[in-house]
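Colleague: Next come a sequence and a model predicted from it.
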Amino acid sequence: MFWVACVAALFFACVTVGRAADAPGETEAWAKIQTFKTLSPKAPQRQADGSVSKEDLLAYRTKAVDLMVQLLNSASDFSQRFPKSTHEPEALEIMVVLATQMSVQDGAQFDPARKIASELAKRDDLPSTPALLMSISRLRVLQSSSDKTLLPADNMKQQLAVAETFLKKHPENPNVAILFFHVADYAKAVDAATAVELFKKAAKLGDAQVKEEVANQLKRLAQLGSMPMFKATAIDGRQVDLAKLKGKVVLLNFWATWAAPCLQIEPLIVKTYASCHAKGFEIVGVSVDRNLKDLQDYVKQSQTPWPQCFDDKGEICAKFQIEGLPTLLLIDKDGKVAVLNAKDDLQEKVEALLAGKKP
């Protein structure tokens with residue numbers, strides 16, 4: 001994705017510029033930053049079987065985070081003490097890159113990054129590229145928010161305000177389209193019509209690659225309201241036919257036993273099935289596991305009651321234009337695609353469809 005490339009470019013390819021004489025202490029402060037940029041923790045020692053102990057891995061990660069925090073603090077201190085230095089733009093870039101990446105991580109060790117990110121977010125004098133990274137970071141924070149009082153529609157509006165504010169201040173930035181693309185991606189699960197508008201705006205502002213990505217997204221959104229034809233044989237021999245499930249609400253769960261996010265959401269799927277199955281709710285699993293035995297072993301151990309289809313070649317995923325795992329696609333009682341990915345508020349969406357309401 002763009003922001004990953006942008007982060008890498010900023011952090012590892014800072015440009016050296018011609019400069020005047022240093023202010024008192026500036027040389028030492030800048031040298032300290034350069035030293036931190038070259039430091040890295042010693043790689044954890046591997047055991048005889050090639051594995052790394054949890055303790056050694058934790059120690060390695062803790063040291064890596066500590067070095068990043070020290071670099072972040074040093075860059076922040078430099079930016080405040082030497083605002084007129086020709087090195088200050090690079091120090092600011094380091095601050096923005098590290099603060100935006102670390103502020104969304106869990107744990108008290110990232111509190112310094114959150115504090116600096118909060119201070120940076122209040123500034124309206126950031127150059128175009130650092131401002132873009134800060135805007136992307138704000139979108140990521142909003143999209144990962146666990147605040148139940150913030151309704152998805154209001155969350156989307158706040159995200160759109162971030163994108164529009166950046167566009168107004170930095171209309172010349174060639175990557176402004178990525179902001180609207182991110183908001184549109186979130187909007188898919190909130191308001192399909194708004195998502196379409198935002199994707200089109202991203203295409204208008206973006207380059208050929210963005211236009212291609214938008215075209216793919218619009219094709220996927222076009223599935224809403226369609227009546228897909230799908231037949232398959234589950235791994236236990238049961239025949240799956242969406243046409244014969246008309247009159248029921250159906251969840252197509254695209255997943256894999258090796259994908260941690262899929263396993264994390266499994267309890268919610270099981271809970272929803274237990275609560276809604278008797279009311280007319282069915283589930284069809286579509287696994288993209290590489291090995292059939294892995295799927296069979298998991299289904300046997302978990303005693304999953306719904307049919308599981310093995311899609312190791314990705315043919316079913318391609319039919320439904322699946323982008324990532326897990327994808328929880330909901331089909332209403334009329335056999336039409338109602339929700340492209342119901343990862344959020346699954347049970348509420350299922351109950352709404354069962355009641356004949358819009359999810």
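Modeller: Looks like it came in fine. Numbering: from 1, shown residues only.

Colleague: residues contacting Gly25?
Modeller: Shown in contact with Gly25 (CB atoms under 8 Å, 6 or more residues apart in numbering): Arg81. Bear in mind the C-beta positions are built from the backbone N, C-alpha and C, glycine included.

Colleague: How about Ile269?
Modeller: For Ile269, the contact set (CB under 8 Å, 6+ apart) comprises 251, 253, 283, 328, 346.

Colleague: likewise Ala64?
Modeller: Ala64 makes contact with 40-41, according to CB under 8 Å, 6+ apart.

Colleague: With Thr233 instead?
Modeller: Shown in contact with Thr233 (CB under 8 Å, 6+ apart): 239-240, 309.

Colleague: Mark which of those residues are buried, thanks.
Modeller: Listed as buried from the contacts of Thr233 are 240, 309; burial here means 16 or more other CB atoms under 10 Å.

Colleague: before we move on, back to that, out of the contacts of Ile269, list just those in helices.
Modeller: Secondary structure defined by DSSP state H assigns Leu346 of the contacts of Ile269 to helices.

Colleague: In TSV, list the contacts of Ile269 along with pLDDT, neighbour count and distance to Ile322.
Modeller: Conversion of the contacts of Ile269 to TSV gives the following (pLDDT from 0 to 100; neighbours: other CB atoms under 10 Å; distance: CB to CB, whole Å):
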residue	pLDDT	neighbour count	distance to Ile322
Leu251	98	24	14
Asn253	98	24	11
Ile283	98	22	16
Leu328	97	24	11
Leu346	95	23	17
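
Colleague: Of the contacts of Ile269, just say which sits nearest to Leu150.
Modeller: If you rank the contacts of Ile269 by distance to Leu150 using CB to CB, Leu346 comes first, at 18.6 Å.

Colleague: pretty sure the closest one contacts Thr272?
Modeller: Yes: applying CB atoms under 8 Å, one finds Leu346 in contact with Thr272, separated by 5.2 Å.

Colleague: any residues in contact with both of these two?
Modeller: A shared contact of Leu346 and Thr272, defined by CB under 8 Å, 6+ apart, is any residue touching both; here these are Leu251.

Colleague: quick one on the thing from earlier: so which of the contacts of Thr233 belong to helices?
Modeller: Among the contacts of Thr233, no member falls in helices (criterion: DSSP H).

Colleague: can you tell me which of the contacts of Thr233 are in strands?
Modeller: By the criterion of DSSP state E, membership of the contacts of Thr233 in strands covers 239-240, 309.

Colleague: mind putting these in TSV, distance to Lys231 included?
Modeller: Rendered in TSV, the data for those read as follows (distance: CB to CB, whole Å):
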residue	distance to Lys231
Gln239	7
Val240	7
Cys309	10
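
Colleague: and which of those is nearest to Asp125?
Modeller: Cys309 (55.0 Å).

Colleague: if I pick that closest one, what's in contact with it?
Modeller: Taking CB under 8 Å, 6+ apart, we find Cys309 in contact with 232-235, 240, 284-287, 316.

Colleague: can you give me the helices for the stretch 51-200 of the chain?
Modeller: Per DSSP state H, counting those that start in this stretch, the stretch 51-200 of the chain has helices spanning 54-81, 88-102, 111-121, 128-143, 152-169, 177-187, 192-205. These are given in chain order.

Colleague: how does this structure divide up, domain by domain?
Modeller: Using automatic domain parsing, the domain parsing of the chain gives 2-221, 231-354.

Colleague: Just give me the lowest mean pLDDT stretch among these.
Modeller: Across the domains of the chain, the stretch with the lowest average pLDDT is domain 2-221; it has a mean of 87.

Colleague: centre of the chain versus that domain, how much separation?
Modeller: Offset of domain 2-221 from its chain centre (CA atoms, centre = their mean, to the nearest Å): 13 Å.

Colleague: Equivalent analysis for stretch 256-270, please.
Modeller: Relative to the centre of its chain, stretch 256-270 is centred 17 Å away, using CA atoms, centre = their mean.

Colleague: how far away is Trp258 from Ala117?
Modeller: As judged by CB to CB, to the nearest Å, Trp258 and Ala117 stand 33 Å apart.

Colleague: Excluding chain neighbours, what is closest to the residue nearest the centre of the chain?
Modeller: When the chain is reduced to its mean C-alpha position, the nearest residue by CA atoms, centre = their mean turns out to be Arg140, at 7.4 Å. Nearest residue to Arg140 in three dimensions, chain neighbours excluded: Val104, at 5.5 Å (CB to CB, 6 or more residues apart in numbering).

Colleague: Is the one you found in contact with Gln143, as I believe?
Modeller: No: look at Val104 against Gln143 with CB under 8 Å: they stay out of range, at 9.8 Å.

Colleague: Identify the residues contacting Lys63.
Modeller: With contact taken as CB under 8 Å, 6+ apart, Lys63 is in contact with 41-42.

Colleague: tell me the SS of Val286?
Modeller: strand (DSSP: H, G, I helix; E, B strand; the rest coil).

Colleague: my guess is it meets Val250, correct?
Modeller: No: proximity of Val286 to Val250 does not meet the contact threshold set by CB under 8 Å, at 11.8 Å.

Colleague: Run through the residues that contact Ile316.
Modeller: 230, 232, 254, 286, 309.

Colleague: switch to 7 Å and redo it
Modeller: The contact partners of Ile316, taken as CB atoms under 7 Å, 6 or more residues apart in numbering, are 232, 286, 309.

Colleague: where's it, which helix or strand?
Modeller: Assigned by DSSP states H and E, Ile316 falls within helix 315-319.

Colleague: Just the buried positions in that helix, please.
Modeller: Judged by neighbour count using 16+ other CB under 10 Å, the buried positions of helix 315-319 are 316-317.
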